[in-house]
Structure formats: C-alpha cells, structure tokens
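> A predicted structure for the sequence below; I have some questions about it.
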Amino acid sequence: MPYQTIKGDKVPIKLWSRVEEVDSAALTQLRNVTRLPWVAHHVAVMPDVHVGKGATVGSVIAMRSAVAPAAVGVDIGCGMAAVQTSLVAGDLPDSLRALRDDIEARVPVGMAAHDAPAWRDAPQALREECRRLMSDFDELSCDTGLGRRASQQLGTLGGGNHFIELCLDGDDRVWLMLHSGSRRIGAALAEHHMAIAQKLGHNRALADRDLASFLAGTPEFDAYRKDLWWAQAYALANRRVMLSIVETLLEAHFPEVAFAEAIHCHHNYVSEEEHFGEPLLVTRKGAIRARAGELGIIPGSMGTRSYIVRGRGNAASFTSASHGAGRQLSRGQARKRYTLDDLKEQTAGVECRKDRGVLDELPGAYKKIERVMAQQ
C-alpha cells in the first residue's frame, strides 16, 4: 500500500499502515519526534509500529548531526540471522524434541551466561573478531560492572521475543534462524548514555525527555557513538557465535549437513547514510535497512511464518522495512487475555516451549504478519 502522510510539527510522518490501526500512544510518540529540532525530512513509520520508550518500535528517524539514544532502543544492535542448510523436510525426524533439548542445553537463555567464553571454540575468524571486541571492552566510556560476564554472554539468547528456530521455506528446505541482541552490556550502555543526555541543557525543552539527544561535535556525542559502534558489533558477534554453536549441533544430528552464507541484519541501530542529497544519522528502531537488492529478514511470531526479503530501495522509507509482525498487545495484556490452552492451540504442530514463561509471546499477541507484509 502507499504510505499515508500525517501532519507533524517540524516534519511530516509517513506511515505504511492505516492511521486507525496505530495505537494513540504510539501516534503521540511519533508527533513528539517531529518536534525535535534536528529531525530531517520526515519520520518513516513501518506497519509493525507500536509503543516503545521515547520513540516507537517500528520507526526510522533521520537527524542532522544529532542522535537520540531512545530512537535506537536499549537493546543496541538487536537483529536477526538466518542461514539456509542443505537439509530438506524429509531429512528431519518425526520429532525435533531431542534437537531442541540439545540447543537449549548449549545456548543460555534469560540472564544466563556460558561458564566459559563460548567464542573460544568458534572458527578462527570469529574468534579473532570476539577477541578484538573484548580487548576494547575496557575502553568503553562507563564501568558497566559486568566484567568478564560480557565475554561469557557472547553466544547467548536472552529473553523476551528472542528465539532460535528451525523452519522450512516454500521449497521444503530447512533454515536456521535466530533473533538476539547485545545482551545486558548493550542495555547498560544505553541506559548510561540516556541518563547523560537528559541532563544536557539543549534537551530541557523537549516534549518528551526520553527523546534527549546528543549533538555532533560534543564529547558526549563522541562517547556515545564509540560505545554504540562497539555494542552493535557485539550484538552481531553474539549472533554469529550462536549460529556456530547451533550449526555444530546440527552437524552432530545430521553429519552431511552443509550451510549457505548467513544473512545478517540489525533492527535497533544507528547508521551514517546519505538521503535526499545530504549526510544524515539514521536510527532504525524495530526496522531493517532495505536498500535495492539487499537481503533482509522479517520474522513472524511463534507459530507463524517469517520472510526473507529483498529491499526495493524506497527513498520515502529511508530504504527501510519492518523488523517483524509487531505487537498488538502488551505483555501484560497478552497474559490477561490468553491461557496456556490458547498458547498450545496457536502453536499446534510447532516443537517449542508451551509454558507460562512464553505465554506473552503467542501469535495472538502480535499483528498478522501477512497483513504487515502486504502493507509494505
């Protein structure tokens, strides 16, 4: 569908959804972004948009010589990875429970970490990448208090809507897909810099102090950008280590398996890009980059399909697309509305957890992924 234009303050909002489908609180957040003195051209809003902290999830904000940490999100560098395997549906056993048990035993979830750095067992190039990351850890601008835990959380999933999945494509080929971010270290860095930004004088008059921004050319901006780049690299390495772990497990179950080149994409990050003839700092919070021909990943929810996509290079979206289906119910609302029987019904035929710990992640808590895809 073509985008709808909503009047903003300094710039308009371009929305790839119907206005009536967007929560009023999310619309308020979007209008607050249009009041920022540094926002450029317009705010691009993806069809999976929903309320976030300061800035909505599912928004793309371009700024001139400024960046707002809340427009990136606390899970800096959160994103997706997907790799096609040589397996087909007929190669899989009737039950995937044994493989799921092995993955859950090797990849820590929630707040957990590896007992020893898992990246040390990764292929050489990845080991070197992780070693460089951890050698730069002491140069971060704040003491996160995490110490060696940051090294031990490389290759861990986290919680919330993060997942590892085996799925089939339209030709019955088996894919490995996962969603994760920068773990506790990314959140600690984000919270540290958000607190600093809110104390800066140029942010005192903002409609929403959660949109406090850093200005290029200042020490605060330089410190945030350095930590941001590190956290984005950490998140990517985290996903690569997990892919390596799960690929090794798949090889144990299927000795002849081979893997294609992986597809990677961030969906909570900052990028220095040129749009409409000028250099801009582009933040995608719950959005992926979709330059012409660029491969991306748009996952659905538990029990629904996901999409491997090619970007169309749409200038009006700052060459962006949605990052998933997008929540239509908060976690609390989902827990009140649905039961474990609903979870089991909506994930019938899927080998996955079916307990209260994932009740708020059932498909009914999310928008219909087919609708989201049709809108973009």
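In hand now; what should we look at? Bear in mind that the values here come from a model prediction, so they are computed numbers and not experimental data.

> for residue 118, see how far away residue 52 is.
Residue 52 sits at a distance of 30 Å from residue 118 (criterion: Cβ to Cβ, to the nearest Å). The way it works is simple: take the backbone N, C-alpha and C, and place the C-beta from them, glycine included.

> of these two, who's got more company?
Taking other Cβ atoms under 10 Å, residue 52 and residue 118 do not tie; residue 118 has more neighbours (23 against 20).

> does the more buried one really touch residue 154, like I thought?
Yes. With contacts counted by Cβ atoms under 8 Å, residue 118 reaches residue 154, the gap being 6.6 Å.

> give the contact list for the residue lying closest to residue 108 once chain neighbours are set aside.
Using Cβ to Cβ, 6 or more residues apart in numbering and skipping residues adjacent in sequence, the residue nearest residue 108 is residue 156, 4.4 Å away. Residues near residue 156 by Cβ atoms under 8 Å, 6 or more residues apart in numbering: 107-109, 112-114, 180, 183, 238, 242.

> part of a strand, is residue 156?
No. Residue 156: not assigned to a strand; according to DSSP: H, G, I helix; E, B strand; the rest coil it is coil.

> how close does it sit to residue 148?
Where residue 148 is concerned, residue 156 sits at a distance of 14 Å (Cβ to Cβ).

> likewise for residue 246?
Counting by Cβ to Cβ, the separation of residue 246 from residue 148 is 24 Å.

> who has more neighbours, those two?
Neighbour count, other Cβ under 10 Å: between residue 246 and residue 148, residue 246 has more, with 22 against 12.

> that one sits in which helix or strand?
Per DSSP states H and E: residue 246 is located in helix 219-253.

> that helix: what's the following helix or strand?
Once the chain leaves helix 219-253, the next helix or strand it forms, by DSSP H and E, is strand 263-266.

> where along this protein do the helices fall?
24-33, 97-106, 124-135, 149-152, 183-198, 219-253, 331-337, 340-346, 369-375 (DSSP state H).

> deepest in the core, which of these is it.
Across the helices of the chain, averaging neighbours per residue (mean count of other Cβ atoms under 10 Å) puts helix 183-198 on top, at a mean of 21.

> and the contacts of that one?
With Cβ under 8 Å, 6+ apart, helix 183-198 has contacts from 68-70, 72-78, 111, 140-142, 144-146, 149-150, 153, 156, 158, 182, 203, 209-210, 212-214, 220, 223-224, 227-228, 230-231, 234-235, 238.
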